[in-house]
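Colleague: below are the sequence and a predicted model; questions follow.
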Amino acid sequence: MILVDAGPLIALVDADDRHHEACARSFAAVREALGTVWPVLTEALFQVGDVRGGPAAIWTLIERGAVRLLPLDEEDVPRIRELMEKYADLPMDLADAALVRVAERDGLRSVFTIDRRDFNVYRLKGGRRLIIIP
């Protein structure tokens, strides 16, 4: 499974986004399942609120299973907090911390993001890097 950050979701539904073409090509080329978390979905929906049809398009990706919504619960909270404190100088937001936590928890390595600057810095437990798409 490949984790999806808010940036590509926003770019997919906003044809005026400068990353639209690259994200649309990458999305079409991906053969693995895609997954995200509630904080990412919240961020993406907020950002496309003024894009005609934007929120509906993101909801459709979730409802049709093109992007699966992965669970977070109380057991994830301490590690999410720890990550946000560790990377406070960037700063790491809740959406990014939740993605890194799910990657660690579920043994995932790939993230579909346009936020290369931050995701190149983040490390999984054991010091492993995430593989960034595109």
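Modeller: Good, I have the coordinates. Numbering: from 1, shown residues only.

Colleague: got the residue ranges for the strands in this protein?
Modeller: 2-4, 34-36, 68-69, 110-112, 131-133 (DSSP state E).

Colleague: buried deepest among those, which one?
Modeller: strand 2-4 (a mean of 25; mean count of other Cβ atoms under 10 Å). Just so you know, the C-beta spots here come from the backbone N, C-alpha and C atoms, and that holds for glycine as well.

Colleague: ok, that strand: who's next to it in the sheet?
Modeller: Strand 2-4 sits in its sheet next to strand 34-36 (parallel), strand 110-112 (parallel), going by DSSP bridges.

Colleague: that strand - what's its average pLDDT?
Modeller: For strand 2-4, mean pLDDT rounds to 98.

Colleague: show me where the chain has its helices.
Modeller: Assigned by DSSP state H, the chain shows helices spanning 6-13, 20-29, 38-47, 54-63, 77-86, 94-106, 116-119.

Colleague: now, of those helices, which is deepest in the fold?
Modeller: The most buried one of the helices of the chain (mean count of other Cβ under 10 Å) is helix 6-13, showing a mean of 25.
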